[in-house]
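Trainee: Sequence and predicted structure, then a few things I'm wondering about:
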Amino acid sequence: MFKDGLIEESIDDPIRYNQATVLNCDRYTKIKFFASIIMSESHTVVLGEDGTLVLPETVRHQLSLQPGDRFILTLNSDGTLHLTNLRSQLRSLRGIFKDSAANTNLSDELIHDRRQEAQQENKL
């Protein structure tokens, strides 16, 4: 995570970094971190009796959210929650393995692996 006093990863997502982590960084990183917090939007939501949270209309409109959209809810070790739109998360992962499987037919590998497993089961 740290390299020469700097955070190797992007700190564009300030929720991932607690204050103690950032205070150990250089001045530029500290400024960028705290500026991102100031420029971010905060909204108060209320937990309903049935466990539902209603996102404010401005947030739903700004993120083009639709009823039925799925989210990933992450509970951080410091007690904070991070809510990520599943659709945007999947979009960011698209093509992540394209270089590692460039000359490989994954379906052929899967069939080969399954046949080996079947042979092992038959030996038992």
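Mentor: Great, that's in hand.
Trainee: Name all residues that make contact with residue 85.
Mentor: 63, 65, 69, 70, 71 (CB atoms under 8 Å, 6 or more residues apart in numbering). Using the backbone N, CA and C atoms, a C-beta is placed for each residue, glycine as well.
Trainee: Tell me which of those residues fall in strands.
Mentor: Mapping the contacts of residue 85 onto strands (DSSP state E) picks out residue 71.
Trainee: of the contacts of residue 85, buried ones?
Mentor: The neighbour-count criterion (16 or more other CB atoms under 10 Å) marks none of the contacts of residue 85 as buried.
Trainee: Could you point out the longest helix of the protein?
Mentor: Criterion DSSP state H: the longest helix present in the chain is helix 106-123.
Trainee: same question for that helix, mean pLDDT?
Mentor: Across helix 106-123, the average pLDDT comes to 88.
Trainee: ditto for stretch 91-103
Mentor: What stretch 91-103 shows for mean pLDDT is 69.
Trainee: send the alpha carbons of stretch 67-76 over as CSV?
Mentor: The C-alpha trace of stretch 67-76 is given here as CSV (Å, rounded to 0.1, in the frame of the first residue of the first chain):
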residue,chain,number,x,y,z
PRO,A,67,-35.4,0.3,-9.3
GLY,A,68,-33.9,-3.2,-9.0
ASP,A,69,-30.3,-2.1,-9.4
ARG,A,70,-27.9,-4.2,-7.4
PHE,A,71,-25.2,-3.0,-5.0
ILE,A,72,-22.2,-4.3,-3.2
LEU,A,73,-22.2,-3.3,0.5
THR,A,74,-18.8,-3.4,2.1
LEU,A,75,-18.3,-3.2,5.9
ASN,A,76,-14.9,-1.7,6.5
